[in-house]
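S.K.: The following block contains a protein sequence and its predicted model.
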Amino acid sequence: MNSKLLSTSISRLSRTSFLSQSRSLMTRKGPPKVVSAEEAVSVVPSFSRVYVHGVSAVPVTLLNALAKRHSELEGVELCHLHIEKENPCSKPEYAKSFFVNNFFIGANQRKAVGGGISSYIPVFLHEVPRLMRQGYVTPDIALLNVSPPDKHGYCSLGTEVCGAHPAAETAKIIIAQINPNMPRTHGTSFIHWDSIDYAVQVNDPIPEARSGKPTEVEERIGKVIAGLVSDGACLQMGIGNIPNAVLAELKNHKNLGIHTEMFAEGAIDLLEKGVITNIKKKFMPGKTVTAFVMGTKRLYDFIDDNPSIAFYDAAVTNNPSIIGSNPKTTSINAAVEVDLTGQVCADSVGTRMISGVGGQVDFERGAALSENGLPIICLPSTTPNGESRIVHTLKPGAGVITTRHHSHYIITEWGYAYLFGKNLIQRAKAMINIAHPDHRAELERLAFERYNIKTWDYYSD
């Protein structure tokens, strides 16, 4: 482990603000009260802020018990990343009782956000811990879903350390489900039994997420990306068919590494076959570094008590400086649409919010800082109904996640456009070349109107 990098990352936090918080995760208060879920959430007062353990670690039993108190409560703010189960508190009829602030909008929160009964905090994922540690969005209470304590009394935050770690550090009260199904993960994922205020014994299954078989288009995109990945590269990719298509093409590579916010299940085969060794990394060599996971039971069994998988909060995993310290960092992120200048929309369709910035910019910037890094944005060239996703201009109201100044590689099934160092005319030409052939003539016409020049006659790259 490169301890200097880790200490530098931590020192960039406001030390005064950080130490003034309750530091619950490290403060031992004595054994928790072991109570029912209803008793545990009875300590949640009106107008308090509650962090909800996210992604596949969502504490279902505690949320259901809290939702039952809707008639007693007013103005309770729930903060979380996307969660793999419906939030029972986020219902129109409970709008006076609960309000959800999402750090990232999952599919099951889109309607609520669109309807105004939930909202989204635009924030880079690496700054979510800062929001808690420096008092911007510090939780009063943390609802967690943890493994049973080991013989030394330590429970594990399991499948989501990304925001749960800073929440457990800063919350005044910690309420934890003690769940034998929660994988025991390593890294900075541990919380001592005596640091928990209220413990609830549960037997909740961990939600599973399955990826389908990649389509022909996704397989073609995977091949293009894999062709750019060199031996010794350090990978970041998320869940979905395209990451799985990329991983399927890397079986003959050597000494790959992983430093990511989300560990993809498709990487397990490459780890077991020795394709991924992590030995070329500068930060945490020999370790797969991640902040959260979601997948099937195979993934949860693989990470359980596996010391080669290190979980950290997003201030570490998504710190662009740490990301950039690893040579050949290859970040692979998706987009909704990309315009001819390289502006990337990934969080909305027009004005309709569908996700968030997440870690896309963190890793795009980190890969750009990396020696021989590859910052990649990928997308199919068309929507399911045939509309071009390579566009003249983004839809009105669309959010720009990766700016034209950050864009390097844009990839579709038709190839890649390398934009770094290119002027607007060169970019337009490169982007048109990776658009679907059915849309290229129209894009050339629009580019001519915009730049008053024929992109097809402009000097080649």
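M.R.: Received it, and whenever you're ready, just let me know what you need. For clarity, every value in this text was computed on a predicted model and none was experimentally measured. Numbering: from 1, shown residues only.

S.K.: What is the neighbour count of residue 43?
M.R.: Residue 43: 15 surrounding residues under other C-beta atoms under 10 Å. For the C-beta atoms, the positions are set from N, CA and C on the backbone; glycine is no exception.

S.K.: Also residue 180?
M.R.: For residue 180, using other C-beta under 10 Å, the count is 10.

S.K.: OK, contacts around the closest residue to it other than its chain neighbours?
M.R.: Once flanking residues are discounted, residue 180 sits nearest to residue 148: 5.8 Å by C-beta to C-beta, 6 or more residues apart in numbering. Neighbouring residues of residue 148 by C-beta atoms under 8 Å, 6 or more residues apart in numbering: 155, 178, 179, 180.

S.K.: of these, buried ones?
M.R.: 155, 178, 179 (16 or more other C-beta atoms under 10 Å).

S.K.: what sits against the second one?
M.R.: The neighbourhood of residue 178, defined by C-beta under 8 Å, 6+ apart, consists of 146, 147, 148, 149, 155, 199, 200, 201, 202.

S.K.: Put the buried members of the residues you listed into a PyMOL selection.
M.R.: Command for PyMOL that selects the buried part of the contacts of residue 178, burial taken from 16+ other C-beta under 10 Å:
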select buried, resi 146+147+149+155+199+200+202
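
S.K.: Show me the contacts of residue 178 that map onto strands.
M.R.: 146, 155, 199, 200, 201 (DSSP state E).

S.K.: Return the closest of the residues you listed with respect to residue 168.
M.R.: residue 146 (9.2 Å; C-beta to C-beta).

S.K.: For the closest one, which non-adjacent residue is closest in space?
M.R.: Among residues not flanking residue 146 along the chain, residue 155 sits closest, at 4.1 Å (C-beta to C-beta, 6+ apart).

S.K.: longest helix anywhere in this protein?
M.R.: helix 437-451 (DSSP state H).

S.K.: Identify the residues contacting that helix?
M.R.: By C-beta under 8 Å, 6+ apart, the list of residues contacting helix 437-451 reads 340, 381-382, 386, 388, 390, 392, 414, 424-425, 428-429, 431-433, 435, 453-456.

S.K.: Stretch 246-259 too?
M.R.: 214, 222-223, 225-227, 229-237, 264, 266-267, 269-270, 273, 275-281, 283-284, 288-290, 317, 322-323, 326, 329, 332.

S.K.: Which among the residues you listed count as buried?
M.R.: 214, 222, 225-226, 229, 232-237, 264, 266-267, 270, 275-278, 280-281, 283-284, 288-290, 317, 322-323, 326, 329, 332.

S.K.: for residue 374, phi and psi?
M.R.: With angles defined as degrees, to the nearest 10, residue 374 sits at phi -130, psi 100.

S.K.: so what's it up against?
M.R.: 228, 229, 233, 328, 329, 330, 331, 367, 408, 409.

S.K.: for residue 327, same thing?
M.R.: 232, 234, 280, 282, 370, 371, 372, 373.

S.K.: One more: residue 330?
M.R.: 228, 229, 233, 234, 235, 236, 367, 373, 374, 376.

S.K.: 7 Å instead?
M.R.: Counting by C-beta atoms under 7 Å, 6 or more residues apart in numbering, residue 330 touches 229, 233, 234, 235, 367, 373, 374, 376.

S.K.: got those residues as a markdown table, with distance to residue 135 and secondary structure columns?
M.R.: Shown next, in a markdown table, are these (distance: C-beta to C-beta, whole Å; DSSP: H, G, I helix; E, B strand; the rest coil):
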| residue | distance to residue 135 | secondary structure |
| --- | --- | --- |
| 229 | 41 | coil |
| 233 | 39 | coil |
| 234 | 34 | strand |
| 235 | 35 | strand |
| 367 | 31 | helix |
| 373 | 34 | coil |
| 374 | 37 | strand |
| 376 | 36 | strand |
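
S.K.: How far away from the center of its chain is stretch 407-419?
M.R.: Distance of stretch 407-419 from the chain centroid (C-alpha atoms, centre = their mean, to the nearest Å) equals 22 Å.

S.K.: same deal with stretch 395-415?
M.R.: Centre to centre, stretch against its chain (C-alpha atoms, centre = their mean), the figure for stretch 395-415 is 18 Å.

S.K.: Give me the subset of the contacts of stretch 246-259 that lies in strands.
M.R.: Counting by DSSP E, those contribute 234, 235, 236, 288, 289, 290, 329, 332 to strands.

S.K.: Pick out whichever of these sits closest to residue 90.
M.R.: residue 290 (27.0 Å).

S.K.: Specify which member of the ones in strands among the contacts of residue 178 is nearest to residue 400.
M.R.: residue 146 (37.9 Å).

S.K.: Touching, the closest one and residue 157? I think so.
M.R.: Yes. Counting by C-beta atoms under 7 Å, residue 157 is a contact partner of residue 146 at 6.0 Å.

S.K.: residue ranges for the strands of the stretch 101-250 of the chain, please.
M.R.: 118-120, 141-146, 154-156, 173-178, 186-187, 190-192, 198-201, 234-236 (DSSP state E, counting those that start in this stretch).

S.K.: Please name whichever of those is nearest to residue 111.
M.R.: That would be strand 118-120 among these, by C-beta to C-beta, at 8.8 Å.

S.K.: Residue 45 - how many residues pack around it?
M.R.: If we define neighbours as other C-beta under 10 Å, then residue 45 has 13 of them.
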